[in-house]
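A.B. asks: Need coordinates for the below:
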Amino acid sequence: MSVLGWLTVALSVVWFTTEVRVSVRKRSRGPLEARDRLSLLAMRAATVVSIAFAVSTELAPAIVGGAGRILALSPFVGYLGCLLMVVGLIVRLTAIATLKQQFTVDVAIVKDHKIIDKGLYGIVRHPSYLGSLLTFVGLGLALQNWLSLLVLLVLPSAATFYRISVEEKALIGHFGSVYTDYMSRTRRLIPALNMKQIIKAFAAVTLALFVLVMLPSCAARRPTTGAREEMQHLISGLLDKSVKNCVLSVMKGDGSFSWSGAAGIAHQNGQVPMTAETPIYIASITKLYTATVIMRLYETGALSLDDPMAKYLPEELIQGIHVYKGRDYSHEVTIRQLLSHTSGIADYYSEKGKDGKSLFDLSLENPDRVWTVDETIERARKDMQANFPPGTKASYSDTNFQLLGKIIEVITGKPLQVVYQEFLFAPLGLKNTWLVGHFEGRPVQPASPADVFYKDRNISEIRAHESYWADGGIVSTAQEMITFLKALNEGRIVRPDTLGLMHNWRKLEFPMKYGYGTMLFKLPAPLALVSHMRPLWGHSGSTGSFLYYSEELNLYMAGTIDQADSHSKPFELMSRVMKVDLSGS
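C.D. replies: Numbering: from 1, shown residues only. All right, here's what the predicted structure looks like:
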């Protein structure tokens, strides 16, 4: 964790501890009125929901990609947020200390209650709430995430203003004109500002935050050290305790810029350095290759996308693989639904079976257990339940592409690795690309793929299993991945209208959409504006691999961080790459 991260955690712990102590020690003994109870509940609910949502937005990865850090603010803003948290805590504690016994967490009039108009209370009527809101905003900035900041600003503010209205009605009811006179001399939360001044102040703060966020981004665009040096700096900066190696390849569609680089150690045992030519497990990016083969077969008339899989696959393989609420849909699932993850068939790899474990969990427990492709399909059929009727929703499932691989073999009459070789690898000159365990057509056995990790554990042995097949079994290099995607995009593998079919996007999980073996990463316009994140299409892999194309920039990006526990870092890397000025390189 970074220094900023530890500082944010420490301040949050102090804040939480302080609030718990205040809640326990500063409660009145009288009964709560209905409005007081409601406003207090609203405050607590807003606090819990906003903090939980903000933290989860920052930390939780999206499915195969991850958006958390794409909405990132600059580290400078993060430290500014920590400073604001400190200021907020000081203001709140000072306000509480000033009221002494008169301060209670619930609305109450205590014995000998008086209007306090000194110190902070001589400037604003509710400085304790002002301190809380400053702390909320500070946390949002410290998390370095626009969405977190928005949630931590809006929800607590709404609950606070409601709470203030309840308190002031109670105080007016008890003190009458004395309190209304005090109200005429002070402001609720923001000192001595009328509404027009508040709007101007808000605009100024917003502009200041915008400048603080945008200046670092603009600075990243200046080719002060050269684009190639900056690219190398970006990938070297990713190395930490979890990321042991990294490779990145970048190419402009017009050929005006091309660069590949690597950082870290490819093989921990021999301490072999990572290079741009080191083979990597591309994981689920394999689905894009599999889908492309299917679409080639579609173009030749060998299959129809609306054919049921039962037309090609044996009964013993698919019987009962899709049973939903007592109805068997196994013979109704189409090739189109397999391609688009709309089949409803369970994911053998990530979903939990009857034993309460996913296949990945089982592989971690027993890495020597080698699953066959048929066993992975059987697991989805016997140990899992379908998720929905075919075509009604979308849910990512590796099983879909294992079944597509089987269909390819039946139609062509050839093993999948041979089809890949004949349809894709050989025509495109991909000499360092193969299906795990199959080196056919190569004069010498290629170098071993770079080590892959899950947290601190080396899982390369598991990734070498041949059960990683049509869903995630290809090994390649970052450069050859771009060669493939560029050929696909330029109509050299399938026709442009066929690629258009592959881009029939359907919502999968924010911010991802899925086509036919293709992913679209696209943020809503406001978030895209502040994050500089352009739409990307391509595919991601669970090992931290990525292969994407930006149509706006005519830019291809491919590589991996070889860490299965960090899905957002590849997108953070690509967002930074897209800010680099390539015009003068």
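A.B. asks: okay, now the domains of the protein?
C.D. replies: Domains of the chain are assigned by automatic domain parsing as 3-189, 280-572.
A.B. asks: Now find how far off-centre stretch 226-246 is within its chain.
C.D. replies: Relative to the chain's own centre, stretch 226-246 is displaced by 20 Å; criterion: Cα atoms, centre = their mean, to the nearest Å.
A.B. asks: what comes up buried for it?
C.D. replies: 227-228, 230-232, 234-235, 238-239, 242-246 (16 or more other Cβ atoms under 10 Å). Every residue, glycine included, has its C-beta placed from N, CA and C.
A.B. asks: What lies in contact with it?
C.D. replies: Stretch 226-246 is contacted by residues 220, 223, 225, 247-248, 250, 257, 259, 261-266, 268, 274, 278, 450-451, 453, 455-456, 544, 559-563, 565-566, 569, 573, 576-577, 580-582, 584-585 when judged by Cβ atoms under 8 Å, 6 or more residues apart in numbering.
A.B. asks: end-to-end on it?
C.D. replies: End-to-end distance of stretch 226-246 (Cα to Cα, to the nearest Å): 20 Å.
A.B. asks: about what we covered before: pick out the shakiest of the domains of the chain, pLDDT-wise.
C.D. replies: Mean pLDDT is lowest for domain 3-189 among the domains of the chain, at a mean of 76.
A.B. asks: now that one: how far from the chain's centre is it?
C.D. replies: Worked out by Cα atoms, centre = their mean, domain 3-189 lies 29 Å from the chain centre.
A.B. asks: could we number from 872 for the rest of this?
C.D. replies: Right, with 872 as the first residue, what we last looked at is domain 874-1060.
A.B. asks: now the end-to-end length of it.
C.D. replies: 32 Å.
A.B. asks: Look at the residue nearest to residue 1202 when sequence neighbours are not counted and give its secondary structure.
C.D. replies: Spatially, and ignoring its direct neighbours in sequence, residue 1202 is nearest to residue 1181 (4.3 Å; Cβ to Cβ, 6 or more residues apart in numbering). Judged by DSSP: H, G, I helix; E, B strand; the rest coil, the three-state class of residue 1181 is helix.
A.B. asks: can I assume residue 1181 is in contact with residue 1190?
C.D. replies: No - taking contacts as Cβ atoms under 8 Å, residue 1181 lies outside contact range of residue 1190: 9.2 Å.
A.B. asks: intersection of neighbour lists for those two?
C.D. replies: Common neighbours of residue 1181 and residue 1190 (Cβ under 8 Å, 6+ apart) are residue 1201.
A.B. asks: Can you tell me which of the domains of the chain is most buried?
C.D. replies: domain 1151-1443 (a mean of 20; mean count of other Cβ atoms under 10 Å).
A.B. asks: That domain: how far from the chain's middle?
C.D. replies: 19 Å.
A.B. asks: quick one: contacts of the lengthiest strand in the chain?
C.D. replies: With secondary structure taken from DSSP state E, the chain has its longest strand at strand 1129-1138. Applying Cβ under 8 Å, 6+ apart, the external contacts of strand 1129-1138 come out as 1098-1099, 1102-1103, 1106-1107, 1109-1110, 1114-1123, 1142-1147, 1149, 1319, 1321-1322, 1349-1350, 1456.
A.B. asks: Averaged pLDDT, the helix or strand following that strand. What do you get?
C.D. replies: Using DSSP states H and E, the helix or strand that follows strand 1129-1138 in sequence is strand 1143-1144. Per-residue pLDDT over strand 1143-1144 has a mean of 92.
A.B. asks: which strands and helices sit next to whatever helix or strand comes next after strand 1143-1144?
C.D. replies: Elements were assigned by DSSP H and E; along the chain past strand 1143-1144, the next helix or strand is strand 1151-1152. The elements that strand 1151-1152 packs onto, with contact taken as 3 or more Cβ pairs under 8 Å, 6 or more residues apart in numbering; DSSP states H and E, are strand 1345-1347, strand 1426-1431.
A.B. asks: Run through the residues that contact residue 1399.
C.D. replies: By Cβ under 8 Å, 6+ apart, the neighbours of residue 1399 are 1393, 1405, 1406.
A.B. asks: any chance of those residues in a markdown table, plus secondary structure?
C.D. replies: Below are the contacts of residue 1399 laid out as a markdown table (three-state DSSP):
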| residue | secondary structure |
| --- | --- |
| 1393 | coil |
| 1405 | coil |
| 1406 | coil |
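A.B. asks: what ranges do the strands span in the stretch 1222-1371 of the chain?
C.D. replies: 1305-1306, 1324-1325, 1328-1329, 1345-1347 (DSSP state E, counting those that start in this stretch).
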